[in-house]
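> I'll drop the sequence and a predicted model, then ask my questions.
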Amino acid sequence: MSEEKSQFTGLILVSGIDTPGITKALFDALAPFSLTILDIEQVVIRERLILTVLIALNPDHAQALDDDLNLCAANLKVDIATSFSEQGSSSIAAKSGLVHVVALGSPLMPSAIAAIADGISSQGGNIERIHRTASYPITAIEFTVSGVESMVLRHKLAQVSIEHAIDIVVSPGGLMRWAKKLVILDVDSTLIQQEVIELLAAHAGVQTEVKEITERAMKGDLDFAQSLHARVALLEGLPSSVIDDVRKEISLTPGAKTLVDTLHKLGDIVAIVSGGFIEVIEPLVQALGITHYRANSLEILDGKLTGRVSGNVIDRAGKAQALRDFAMAEGIELAQTIAIGDGANDLDMIAIAGMGIAFNAKPAVKAAADSSVSAPYLDSVLYLLGISREDVEGAGAPRK
């Protein structure tokens, strides 16, 4: 077995107040030497620059290069530090099997970052890079990690998420992270801020009765289909014209339009599945440009609600089936799907999706999902996918 080939490398670290021309001047200083660029990383935070460059060079040139860089530093009024060494080529090779960890917090405290770093190192992982993807209305920080399996790290950081009241998602890297996706959303209390059945109940004067049935369902005394039939029965005789009134009472969750518009610009497919009613949400869905959607249908005769639903009830199993159907129609593997919801009837679709996201959800849903968003902004989901706020705004999608 042949010995690993070594090479002489130099690490150059530039720090100081950022001004135009620093990068050009640095590489102008390097240009006369017979060397090659192996790696570059630069970041600017509040006008403070940190630029690192890894080079391969002839060791006989190290002192001359160091002298020229000191002169360059004086001219630019920055600090330039160098470190030269001989090391194996594999130590600077591109690393594979990377894992991405995204943390969302409002605010994001130092103790939370320390806990994330400890969780990564305790599993044998190494942080290769840290960068901010959003600073408002929440802070989003992404860690690129090597040396650890995503499922192992996900389990470890789940406890950190609970203890520090932050949202954390762990996902594998690689090309598939950017592949075409199908994103399916629940409607009530996810895409929109209201519960449609409660809005209808208010017009029928049966809010209290509807809420009591909902509570029984949450306790497990009724399944979703039973509770839906019982609640819709209380709407019997309500004029169908009320549907137009309820549509006007609906408001999108903050960031919902930004999320949908951005996903569409990326070429992703957005779908809607609801335990609510198609008659109420269909105009909204069409306004958002969503072509795949499925919901329950109210039975209407002679201009009045009969108190029954038409067709099969969209319950937990129905939502999961909708995800399968939409994915098959688009030729997208389930591994490349994302399901977002808040309630127990979203659990089945969250379970089969490639990534399940609990949005301001009940504890049982958070526990079952791969990740969660606790802030009331639906576009925060974009940060979990590695998309930055700057990318969103640069694409002309102001937050709505």
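Right, received. Where do you want to start? Numbering: from 1, shown residues only.

> low-confidence regions, the stretch 151-300 of the chain specifically.
Applying pLDDT under 70 to the stretch 151-300 of the chain picks out residues 218-220.

> ok, which stretches of it are strands?
167-172, 182-185, 269-277, 292-301 (DSSP state E, counting those that start in this stretch).

> using a markdown table, lay out the ones you listed together with distance to S146.
To be clear about C-beta, it is placed using only N, CA and C from the backbone, and glycine gets the same treatment. As requested, these are exported to a markdown table (distance: least, C-beta to C-beta, whole Å):
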| stretch | distance to S146 |
| --- | --- |
| strand 167-172 | 12 |
| strand 182-185 | 28 |
| strand 269-277 | 32 |
| strand 292-301 | 37 |
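
> what's the closest of those to G343?
Of all the strands of the stretch 151-300 of the chain, it is strand 269-277 that lies closest to G343, at 7.9 Å by C-beta to C-beta.

> give me the angle between the closest one and strand 292-301.
20 degrees (axes from the mean of the first three to the mean of the last three C-alpha atoms, to 10 degrees).

> any stretches of the stretch 1-150 of the chain with poor pLDDT?
1-6, 88-94.

> out of the strands of the stretch 151-300 of the chain, the one nearest L334 is which?
Using C-beta to C-beta, the strands of the stretch 151-300 of the chain put strand 182-185 closest to L334, at 8.8 Å.

> could the strands of the stretch 151-300 of the chain be laid out in JSON lines, adding mean neighbour count and distance to V145?
Listed next are those as JSON lines, based on neighbours: other C-beta atoms under 10 Å; distance: least, C-beta to C-beta, whole Å:
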{"stretch": "strand 167-172", "mean neighbour count": "22", "distance to V145": "9"}
{"stretch": "strand 182-185", "mean neighbour count": "26", "distance to V145": "25"}
{"stretch": "strand 269-277", "mean neighbour count": "25", "distance to V145": "29"}
{"stretch": "strand 292-301", "mean neighbour count": "18", "distance to V145": "34"}
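
> who wins for proximity to L347 among these?
Using C-beta to C-beta, those put strand 269-277 closest to L347, at 12.2 Å.

> and that closest one, C-alpha only, in CSV?
Provided in CSV are the C-alpha atoms of strand 269-277 (Å, rounded to 0.1, in the frame of the first residue of the first chain):
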residue,chain,number,x,y,z
ILE,A,269,-45.0,21.6,-6.2
VAL,A,270,-47.3,23.0,-3.5
ALA,A,271,-50.4,21.0,-2.5
ILE,A,272,-53.2,21.5,0.0
VAL,A,273,-55.1,18.9,2.0
SER,A,274,-57.8,19.9,4.5
GLY,A,275,-60.2,18.4,6.9
GLY,A,276,-62.2,21.6,6.3
PHE,A,277,-64.4,22.4,3.3
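
> elements contacting that strand?
strand 182-185, helix 196-204, helix 256-265, helix 278-287, strand 292-301, helix 316-330 (3 or more C-beta pairs under 8 Å, 6 or more residues apart in numbering; DSSP states H and E).

> want to throw the ones you listed into TSV with distance to R46?
As requested, the helices and strands packed on strand 269-277 are exported to TSV (distance: least, C-beta to C-beta, whole Å):
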stretch	distance to R46
strand 182-185	34
helix 196-204	46
helix 256-265	26
helix 278-287	40
strand 292-301	44
helix 316-330	43
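
> quick one: the residue of the chain most remote from its centre from V53, how far?
Largest separation from the mean C-alpha position in the chain: D60, at 48.9 Å (C-alpha atoms, centre = their mean). From D60 over to V53 the distance is 20 Å, taken as C-beta to C-beta, to the nearest Å.

> same check, this time on G237
Distance from G237 to V53, by C-beta to C-beta: 75 Å.

> and the helices and strands packed on strand 269-277: which comes nearest L157?
strand 182-185 (23.0 Å).

> just the CA trace of that closest one, in PDB.
Presented in PDB, the C-alpha positions along strand 182-185 are these (Å, rounded to 0.1, in the frame of the first residue of the first chain):
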ATOM      1  CA  LEU A 182     -43.700  18.300  -3.200                       C
ATOM      2  CA  VAL A 183     -44.800  20.400  -0.200                       C
ATOM      3  CA  ILE A 184     -48.200  19.600   1.200                       C
ATOM      4  CA  LEU A 185     -49.900  21.800   3.800                       C
END
